[in-house]
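Trainee: Take a look and give me a structure for this.
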Amino acid sequence: MDLLSAAYGTTSEDEADGTPASNWVDTGLPSVAPPPPKRPRWGPTPYQPPPPLPTLQPQPAPPLAAPVSGRYVSKRERALLTALQAPTDSEAPLPPPMAPESSPVLGSLTDSNIRPDILRSLRCQPKSGSTNSLPLKLSVSLTSHTKAVNCVDWSPSHGHLLASAGMDHTVHIWNVWNNGNTSARVLKHHTAAVKDVRWSYHQPVLLSGGFDCSSRLVDAEVGKEIRVFKEDQPVEVIKFNPSNSNLFLSGGSKGSLRLWDIRTGLATKEFNRSLSTILDLEFSADGKQFISSTDTTRSNVSENTIIVWDILRQVPLSNQIYTEAFTCPCVRYHPYEASFVAQSNGNYIAIFSARPPFKLNRYTRFEGHGVWGFPIKCSFSLSGRELASGSSDGSIYLYDYKSSKLLRKIEAFKEACTYVAYHPVIPNVIASCGWTGEISVFE
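Mentor: Numbering: from 1, shown residues only. Next up is the predicted model:
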């Protein structure tokens, strides 16, 4: 009891602070701990606005110390040093703006500024019966491509326009006889060399194919791309169907042949025969058949060099047409007769019947020009009486179709002349191109 009295008989902390101790009655029973003191009742405190925040003055960033010689300086530290050393005032000169890409619209596509005699010839209906004269003199020389030109094509609906495809990734549209600027458009939609270009038969629309594994349809008037046809192979050759200009045929380096619809952008038919590189394609006049020429040098099998295909059934009608050990970089149907010709790497042009069994004429061939591995093309005149061919010596050779006699040789370029194209309206005009990057028009 003495210990309990000593423990609870001392003055509490509350009493020491002046707070009266709670009444405790000694009942003589064993002592227990007193109840805890009551918490003070909470009362609302008057609102006091917070003190104003001190105004912060912008302090300049401490300058970075110059790197000590021999110490490694990280990329982040070098970037910070460069940013701090750059001028920060508003009068600092701005970097020069990037030069915009050249517009594809360069000149006019109209015929309002061309030679009067050419304009009269273009407005006359073409006559297939006779040819006034052979091309003789150089009419226009077009030089804008920076590399070799692979193809030229006259517009059937706008006879004063000529398109060209080059190894410089561009397609050029020429207003050939314009008295001002002959270069009307430069189309740069391809990202690799352009191998072939074709005009639509009834409207100023261009189709081009190239090594970027695509064919591209472009509105020539505004220079705008309409549709892109992607493939799994570099495109070597393209041709519109003469009976339906909404369809075109493409052949590539992997040997695939596809028939495309420009309205949907899809391939409607595919012709499979495990072929090698397609060198050329040619539609028949009714659009129901086409000829393909294939590179067979790797397979050592010449039976697939020239194949005549049935479009509707998607099957070859004959694949044993030309069995000699030469490839044919060009095939062309005669405009009126039931025959076609094939340019051979044997340095001659062979003649075949366009009817089954597509026999080779072993008694007539066109010789005198050179091919020697170049992709030399040939072209029939408007009347079909003359056949023109390029040559490895840079000249144009004109042959009489009936007699296969050489009529004229025109020196066009210093290097190989790879492509020739007769005008679709004016009978004595022919365009040519070659590896020099030049385009020459003769009349």
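
Trainee: So which residues of the stretch 101-250 of the chain form strands?
Mentor: Per DSSP state E, counting those that start in this stretch, the stretch 101-250 of the chain has strands spanning 138-143, 149-154, 161-166, 171-175, 183-187, 194-199, 205-210, 214-219, 224-230, 235-241, 244-252. These are given in chain order.

Trainee: Can I get those in TSV including mean pLDDT, distance to residue 385 and mean neighbour count?
Mentor: All C-beta atoms are positioned from the backbone trio N, CA, C, and that covers glycine. TSV is the format used below for those (pLDDT from 0 to 100; distance: least, Cβ to Cβ, whole Å; neighbours: other Cβ atoms under 10 Å):
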stretch	mean pLDDT	distance to residue 385	mean neighbour count
strand 138-143	94	21	15
strand 149-154	97	19	24
strand 161-166	96	23	26
strand 171-175	96	27	26
strand 183-187	93	32	21
strand 194-199	97	24	24
strand 205-210	96	29	26
strand 214-219	96	34	21
strand 224-230	96	37	14
strand 235-241	97	24	23
strand 244-252	96	27	21
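
Trainee: Take these and write them to TSV, including distance to residue 349.
Mentor: Converted to TSV, the strands of the stretch 101-250 of the chain look like this (distance: least, Cβ to Cβ, whole Å):
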stretch	distance to residue 349
strand 138-143	24
strand 149-154	19
strand 161-166	23
strand 171-175	28
strand 183-187	32
strand 194-199	20
strand 205-210	25
strand 214-219	28
strand 224-230	32
strand 235-241	18
strand 244-252	21
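
Trainee: what's the closest of those strands to residue 337?
Mentor: Across these, residue 337 has its closest neighbour in strand 235-241 (20.0 Å, Cβ to Cβ).

Trainee: Next, find the distance separating the closest residue in space to residue 161 that isn't next to it in sequence from residue 141.
Mentor: In space, not counting the residues next to it along the chain, residue 161 is nearest to residue 155; the distance is 4.2 Å by Cβ to Cβ, 6 or more residues apart in numbering. According to Cβ to Cβ, to the nearest Å, residue 155 stands 20 Å off from residue 141.

Trainee: By mean pLDDT, flag the weakest helix or strand of this protein.
Mentor: helix 13-16 (a mean of 44; mean pLDDT, DSSP states H and E).

Trainee: give the contact list for residue 328.
Mentor: Residue 328 sits next to 279-280, 293, 305-306, 322, 342-345, 350 when contact means Cβ atoms under 8 Å, 6 or more residues apart in numbering.

Trainee: Quick check: bridge partners of the closest residue to residue 177 other than its chain neighbours?
Mentor: With sequence-adjacent residues excluded and distances taken as Cβ to Cβ, 6+ apart, residue 177 is closest to residue 114, at 4.1 Å. Under DSSP bridges, the beta-bridge partners of residue 114 are residue 178.

Trainee: count of residues packed around residue 114?
Mentor: Residues lying near residue 114 (other Cβ atoms under 10 Å) number 19.

Trainee: now the residue lying closest to residue 367 once chain neighbours are set aside: how far from residue 384?
Mentor: By the measure of Cβ to Cβ, 6+ apart, the closest residue to residue 367 outside its immediate chain neighbours is residue 348, 4.6 Å from it. As for residue 348, its distance to residue 384 is 19 Å (criterion: Cβ to Cβ).

Trainee: From residue 151, how far out is residue 231?
Mentor: On the measure of Cβ to Cβ, residue 231 and residue 151 end up 18 Å apart.

Trainee: quick one: which of the contacts of residue 328 is nearest to residue 186?
Mentor: Checking those against residue 186 with Cβ to Cβ, the nearest one is residue 280 at 26.3 Å.

Trainee: got the contact list for the closest one?
Mentor: When the contact criterion is Cβ under 8 Å, 6+ apart, the partners of residue 280 are 237, 251, 291-293, 328-331, 377.

Trainee: ok, now with 10 Å
Mentor: 196, 236-237, 239, 251, 291-294, 306, 328-332, 342-343, 375, 377 (Cβ atoms under 10 Å, 6 or more residues apart in numbering).

Trainee: Quick check: end-to-end length of stretch 145-160?
Mentor: The distance separating the two terminal residues of stretch 145-160, taken as Cα to Cα, to the nearest Å, comes to 19 Å.

Trainee: do the same with stretch 212-222
Mentor: Across stretch 212-222, the straight-line distance between its terminal residues is 23 Å, by Cα to Cα.

Trainee: Now the residue nearest the centre of the chain: closest residue in space that isn't a chain neighbour?
Mentor: Centroid-nearest residue in the chain: residue 190, 2.5 Å away (criterion: Cα atoms, centre = their mean). Once its chain neighbours are removed from consideration, residue 190 has its nearest residue in residue 210; the separation is 4.5 Å (Cβ to Cβ, 6+ apart).

Trainee: Thank you, goodbye.
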